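Peer 1: Fold the following, please.
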Amino acid sequence: MEVILAKTAGFCFGVKRAVDMAYAEAESASQEKRRVYTYGPIIHNEEVTRELEEKGARCIEDLAQILKLPPSTIIIRSHGIGRSEYEAIEAAGHRIVDATCPFVNNIHRIVKERSEAGDTIVIIGDPAHAEVQGIRDWCVSTPYIISSAEEVEALPEVTDHQVTVVSQTTFHLKKFEEIVVLLQKKYYNNRVCQTVCNATEERQKEARELASKVDVMIVIGGKHSSNTQKLVEISRQACGNTYYIQTLSDLDLMDLFEVTPFESVRRVGITAGASTPNKIIKEVHDRMSEENFEQMLQDETPVSIRTGQIVEGKVITVKPDELVVNINYKSDGIVTASEYSNSQVDLTKEVQVGDTIKAKVLKVNDGEGQVVLSVKKVKAELAYDALEKAFNEGAVVKGVVTQALSGGLSVSVDECRVFIPASLVSDNFEKNLEKYVGQEIEFVLTEFNPSKRRIIGNRKNLIVERKKKVADELFARIKEGDVVEGSVKNVTDFGAFIDLGGADGLLHISEMSWGRVEHPKKVFKVGDIVKCFIKEINGEKIALSLKFEDQNPWLTAAEKYAIGTVVTGRVARMTDFGAFIVLEPGIDALLHVSQISNEHVDKPSDVLKTGETITAKVVDFKVPEKKISLSIKALLKDFEDTDDQESAKDKAAELVADTEEAPAAEAETAETSEEEAPATEE
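Peer 2: Okay, here's the model as predicted:
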């Protein structure tokens, strides 16, 4: 079997120049300990990008992120960038190393000069390609970008000035020529600049010729490389058995010859895109060489594995950051800690020698002959299936919160990431989401779109539904008059809300005691357990009370405060017609202004003070109306009726004189209103 390698395969001049500049700059920066970054991948090849990052040249694709960096070295990719981006990077104080392909730079110069001269610019190429986006930004006026012959008709008519046509350097030459013919028919005053790179043209031409002569065609290059994709398209037109790979690890001979029997393959052609390093091309060429190919195929026949395959094996070595697994293949499988779980783990605490595990093949050959495996991807795929089923059925899902983000929670479900927006975390606003980190929570899925990495959870609906169920059960078993127990959930100026286990009840300040309560916070604090009774149920509102009837002080008041009884109380409140005296919590009496002294008193405040303790005689008790009237005057008269007139005078002075003053905060305000007070003296 003959293996033919295209002469033009691999790096073109512009790509080789860019890669050499990037490697040199990365090495220099490493020695000088300075920062170096590439603005976007230096070329469309993941292997090169990874190697540069290992050498210290980190790839950043977001311009805004670059502009936030401290002054650093920025390497411009081979595709080039727009003028505005170039100027912004320069203005940010960065040192620029321009690795733009000279052919691309030439296009920048053409469109800038011709657009400044007033020409209409037409760019033939992929509008989403980085090279085309950069060319567009070098135009002074807005250019037109087309990629097919059908789009020519949609272009506007231009009669008063010239049309300049350029193309993406890696555009399909034949397509470019077809579009140009149509443009020349549409515009009489046009200038066509053939900017398809000669190397690209030669590579495409050679690929077409080679593919027409071989039984199997292999095209090597990055999956995002435009010029490689065009080579694949050209090769498939000439050879149906065309395979597109990135590296040697993607080449599975068993898969290849499943479609094309080995016996019928006499010639194999190999070409590569402009961004493919020579070492990768050599690895593929050597593997397909005739001298070892047949033996290699025989060696692979008993056990065949391929990228993406799920394999099962036994763990033979366990390290904190790596597992070695026997997968019954010629090479052992390697599972790193990062491919075992998304969380940081010590593998010695998770796995033991002899354990059987399932893993997904990431690479058949990591360059050192070992198979790269991933356990977490297997778990994730199983979890995706379970999540999809839960989404379709509306089932409850459990997961552990791994991170509190600014907009919500990141939850791990068997290596799958689910996002719960902050507004859907709870039925109440959650100011501190950090408290959920590390907790296992339940939720339902409201969106499942793994291809767009959108798996959205909703915990709020679950909480609302469960609370409603518990509330319904609570309302079904309670009634007015029931004694219930609950914990204080919140304390306000007007009362306390008590959690009854399904619904909250309001214990109003007026229902906290038979006496006066100055403020609920002086009686209760959040978390206190309260035993009370249900005074009223109105829809979903529950009114509670601590004023149990058997503790009502008025039940024994008729005996304790019978007419003629001498009592002691505190002045709670004064009006012009009298003072209200608290005899005990919940019971007050009125001391009319006319009953304060034998002497004339204009108003109670002339002789009494709030909080002051006084002694008086009960002169009236209207039991149904719960009204008690007191009199110091009547008590004085009792003393005056005695023979000891001097003693009576002293006693009178005591009753109306200032006595021990109680703190104002302890004085109780009488509940009797002014309107209920006697209007005339007794």
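Peer 1: use CA for all of it now, contacts and neighbours both
Peer 2: Noted.
Peer 1: What separation is there between residue 536 and residue 78?
Peer 2: Noted for residue 536: a distance of 79 Å to residue 78, by Cα to Cα, to the nearest Å.
Peer 1: Give me the pLDDT value at residue 680.
Peer 2: The model reports residue 680 with a pLDDT of 32.
Peer 1: And residue 536 and residue 78? Which one has more around it.
Peer 2: Applying other Cα atoms under 10 Å to residue 536 and residue 78 shows that residue 78 carries more neighbours, namely 28 against 16.
Peer 1: Next up, the contacts around the more buried one.
Peer 2: 14, 15, 18, 42, 43, 99, 100, 101 (Cα atoms under 8 Å, 6 or more residues apart in numbering).
Peer 1: Count the residues that sit near the residue nearest to it when sequence neighbours are not counted.
Peer 2: What sits nearest to residue 78 in space, not counting adjacent residues and going by Cα to Cα, 6 or more residues apart in numbering, is residue 100, at 4.0 Å. A count of nearby residues for residue 100, using other Cα under 10 Å, gives 21.
Peer 1: And residue 70, by the same measure?
Peer 2: 11.
Peer 1: how close does it get to residue 34?
Peer 2: From residue 70 over to residue 34 the distance is 11 Å, taken as Cα to Cα.
Peer 1: swap in residue 416?
Peer 2: Using Cα to Cα, residue 416 is found at 37 Å from residue 34.
Peer 1: got it, and residue 116?
Peer 2: Residue 116 sits 39 Å away from residue 34, going by Cα to Cα.
Peer 1: check contacts around residue 191.
Peer 2: Under the criterion of Cα under 8 Å, 6+ apart, the neighbours of residue 191 are 162, 163, 164, 165.
Peer 1: what do you get for residue 412?
Peer 2: 399, 400, 401, 402, 418 are the contacts of residue 412 under Cα under 8 Å, 6+ apart.
Peer 1: Equivalent analysis for residue 449, please.
Peer 2: Taking Cα under 8 Å, 6+ apart as the test, what residue 449 contacts is residue 455.
Peer 1: any idea where the strands of the stretch 251-400 of the chain begin and end?
Peer 2: Along the stretch 251-400 of the chain, counting by DSSP state E, counting those that start in this stretch, strands occupy 267-272, 310-319, 322-326, 333-336, 356-363, 371-374, 397-404.
Peer 1: of all those strands, which lies closest to residue 566?
Peer 2: Across the strands of the stretch 251-400 of the chain, residue 566 has its closest neighbour in strand 397-404 (68.8 Å, Cα to Cα).
Peer 1: If you count contacts, what does that closest one end up packed against?
Peer 2: strand 408-413, strand 440-449 (3 or more Cα pairs under 8 Å, 6 or more residues apart in numbering; DSSP states H and E).
Peer 1: any idea how far the helix or strand that the longest one is followed by is from the chain center?
Peer 2: On the C-terminal side of strand 440-449, the closest following helix or strand by DSSP states H and E is strand 454-458. With Cα atoms, centre = their mean, to the nearest Å as the basis, the distance from the averaged C-alpha position of strand 454-458 to the chain average is 10 Å.
Peer 1: could you point out which element follows strand 454-458?
Peer 2: That would be, after strand 454-458 and using DSSP H and E, helix 460-477.
Peer 1: Run the angle between the helix or strand hosting residue 235 and strand 267-272 for me.
Peer 2: If you go by DSSP H and E, residue 235 is part of helix 226-238. Orientation of helix 226-238 against strand 267-272 (axes from the mean of the first three to the mean of the last three Cα atoms, to 10 degrees) gives an angle of 160 degrees.
Peer 1: Quick check: mean pLDDT of helix 226-238?
Peer 2: Mean per-residue pLDDT for helix 226-238: 88.
Peer 1: Looking at residue 416 and residue 34, which one has more neighbours?
Peer 2: residue 416 (21 against 13).
Peer 1: Number of residues surrounding residue 545?
Peer 2: 22.
Peer 1: Could you number the chain from 219 rather than 1 from now on?
Peer 2: That works, and once the first residue is 219, the last one we named lands at residue 763.
Peer 1: ok, now which ones touch the residue lying closest to it once chain neighbours are set aside?
Peer 2: Nearest non-adjacent residue to residue 763, counting by Cα to Cα, 6+ apart: residue 729, 4.8 Å away. Listed by Cα under 8 Å, 6+ apart, the contact set of residue 729 reads 762, 763, 764, 765.
Peer 1: Model confidence score at residue 729, please.
Peer 2: Looking at residue 729, its pLDDT reads 86.
Peer 1: quick one on the thing from earlier: and which of the contacts of residue 729 is nearest residue 450?
Peer 2: Nearest to residue 450 among those, counting by Cα to Cα, is residue 762 at 78.7 Å.
Peer 1: and the helix or strand encompassing that closest one, C-alpha only, in PDB?
Peer 2: Using DSSP H and E, residue 762 sits within strand 759-763. The C-alpha trace of strand 759-763 is given here as PDB (Å, rounded to 0.1, in the frame of the first residue of the first chain):
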ATOM      1  CA  LYS A 759     -55.300  35.000  58.200                       C
ATOM      2  CA  ILE A 760     -55.000  33.600  61.700                       C
ATOM      3  CA  ALA A 761     -55.400  35.900  64.800                       C
ATOM      4  CA  LEU A 762     -53.800  34.600  68.000                       C
ATOM      5  CA  SER A 763     -54.200  35.600  71.600                       C
END
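Peer 1: can you pull the buried residues of that strand?
Peer 2: Going by neighbour count (16 or more other Cα atoms under 10 Å), the buried part of strand 759-763 is 760, 761, 762, 763.
Peer 1: now stretch 654-667
Peer 2: 654, 655, 660, 661, 662, 663, 665, 666.
Peer 1: Done for today, thanks.
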